[in-house]
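**Q** please work out how this folds:
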Amino acid sequence: MTLVSARDLMRASAAAGTGLGAFNVVHLETAEALVAASERAQLPVILQISQNCADYHGGLEPIGWATLAIARRSTTPVAVHLDHAERPELVDEAIELGFGSVMYDGGRLDYETNVYTTADITARAHAAGVYVEAELGEVGGKDGAHAPGVRTDPDEAHAFVEATGVDSLAVAVGSSHAMLDRSASLDLELIGRLRAALRGMSRQGGDVPLVLHGSSGVADDVIVRAVQAGMTKINVSTHLNGFFTRAVRETLAADEKLVDSRKYVAPGREAVAQEAARMLRLFALADAAS
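**A** The predicted structure is shown next:
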């Protein structure tokens, strides 16, 4: 296999009623770990680069090119996706670099401006053959402010997709970004209503898949039930970052003379690979009972 588009992965997962793991790249080791996880699980994965990540690396190009190169070497299907881009110019740059999908986040805008801007970006992306995800009903946790009470209205979701032409939609159903514990309670009934509201609305005639952001704060069994209720793309970042950081801390604590960063970063990379592979299997419902 080689680099694929999120379009193909999303379509297949939505049709099968399974979950698709979308994990955030923080640095080179994360991208390597996530591809290793995909190969171990023999399941596809989406590697996501956020606007925050691009800014950390001084721009999208360095981390983008590296992640694309790692994805192309995979033996399993891997897609590279721009996550939570609030700057339209960053979307354009991702398209030029060869990303197969982008997420434009107009959640901070009022509804009318969000619709106008998202529709314009979607038209440009579609002209380049790029799949587009958007967000409606602001998912909590931005800037550290958890807002689990925010919910996406199904009728508004239908109108938003109809007006913008986006391919998938991130919705607010109870999860929140950057949670350090897995205690979020999801509105499973709302997920079902949102799925029904977007049925048959894709450009190809199928359903518009739902995306769950803030999945780090959701327990395994709740994620499985969310997939069964209609979620397709499951975004995880903070949860995997925790595995990386704990492994690094444990390695450094065991040898205070250690100075070669490769020797403590490698255990972090391996910890992420193991947990990401487990989560991919979980999302695909291959080992849901466990």
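
**Q** low-confidence ranges, this structure, go.
**A** For the chain, applying pLDDT under 70 flags the ranges 1, 137-149, 175-185, 286-290.

**Q** which one in it is furthest away from the centre?
**A** Centroid-distance maximum for the chain: residue 257 at 37.5 Å, with Cα atoms, centre = their mean.

**Q** now do the SS call for it.
**A** Following DSSP: H, G, I helix; E, B strand; the rest coil, we place residue 257 in the coil state.

**Q** quick one, longest helix in the protein?
**A** Ranked by residue count under DSSP state H, the longest helix found in the chain is helix 261-283.

**Q** that helix packs against which elements?
**A** strand 20-24, helix 28-41, helix 220-229, strand 231-236, helix 238-254 (3 or more Cβ pairs under 8 Å, 6 or more residues apart in numbering; DSSP states H and E). Where you see a C-beta, it was placed from the backbone N, CA and C, and this is true even at glycine.

**Q** can you list these in CSV and add distance to residue 207?
**A** Shown next, in CSV, are the helices and strands packed on helix 261-283 (distance: least, Cβ to Cβ, whole Å):
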stretch, distance to residue 207
strand 20-24, 14
helix 28-41, 25
helix 220-229, 13
strand 231-236, 9
helix 238-254, 27
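
**Q** mind checking how far stretch 6-21 is from the chain centre?
**A** Distance of stretch 6-21 from the chain centroid (Cα atoms, centre = their mean, to the nearest Å) equals 13 Å.

**Q** next, the buried residues of that stretch.
**A** 6, 7, 9, 10, 11, 13, 14, 18, 19, 20, 21 (16 or more other Cβ atoms under 10 Å).

**Q** put the alpha carbons of that stretch into PDB.
**A** C-alpha atoms of stretch 6-21 as PDB (Å, rounded to 0.1, in the frame of the first residue of the first chain):
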ATOM      1  CA  ALA A   6      -9.100   9.900   3.700                       C
ATOM      2  CA  ARG A   7     -12.100   9.900   1.300                       C
ATOM      3  CA  ASP A   8     -11.600   6.200   0.500                       C
ATOM      4  CA  LEU A   9     -11.000   5.300   4.200                       C
ATOM      5  CA  MET A  10     -14.000   7.200   5.400                       C
ATOM      6  CA  ARG A  11     -16.300   5.800   2.700                       C
ATOM      7  CA  ALA A  12     -15.300   2.200   3.500                       C
ATOM      8  CA  SER A  13     -15.600   2.700   7.300                       C
ATOM      9  CA  ALA A  14     -19.000   4.400   7.000                       C
ATOM     10  CA  ALA A  15     -20.300   1.700   4.800                       C
ATOM     11  CA  ALA A  16     -19.100  -1.000   7.100                       C
ATOM     12  CA  GLY A  17     -20.300   0.700  10.300                       C
ATOM     13  CA  THR A  18     -16.800   0.600  11.800                       C
ATOM     14  CA  GLY A  19     -14.600   3.300  13.400                       C
ATOM     15  CA  LEU A  20     -11.600   4.800  11.800                       C
ATOM     16  CA  GLY A  21      -8.700   6.000  14.000                       C
END
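
**Q** mind listing residues that contact it?
**A** Stretch 6-21 has contacts (Cβ atoms under 8 Å, 6 or more residues apart in numbering) with 43-46, 77, 79, 81, 100-101, 131, 133, 167-168, 204, 206-207, 209, 223-224, 226-228, 231-234, 236, 276, 279-280, 282-285.

**Q** right, and the helices and strands packed on helix 261-283 - which one's nearest residue 122?
**A** Ranking the helices and strands packed on helix 261-283 by proximity to residue 122 (Cβ to Cβ) places strand 231-236 first, at 17.0 Å.

**Q** and that closest one, which strands flank it?
**A** If you go by DSSP bridges, strand 231-236 pairs up with strand 20-24 (parallel), strand 210-212 (parallel).

**Q** and the angle from that strand to helix 261-283?
**A** 160 degrees (axes from the mean of the first three to the mean of the last three Cα atoms, to 10 degrees).

**Q** need the contact partners of strand 231-236.
**A** Applying Cβ under 8 Å, 6+ apart, the contact partners of strand 231-236 are 10, 13-14, 18-24, 46, 48, 83, 133, 168, 170, 191, 209-216, 223, 226-227, 276, 279, 283.

**Q** before we move on, what about stretch 28-38?
**A** 23-25, 44-45, 47, 63, 66-67, 70-71, 73-74, 76-78, 240, 244, 265-266, 268-270, 272-277, 279-280.
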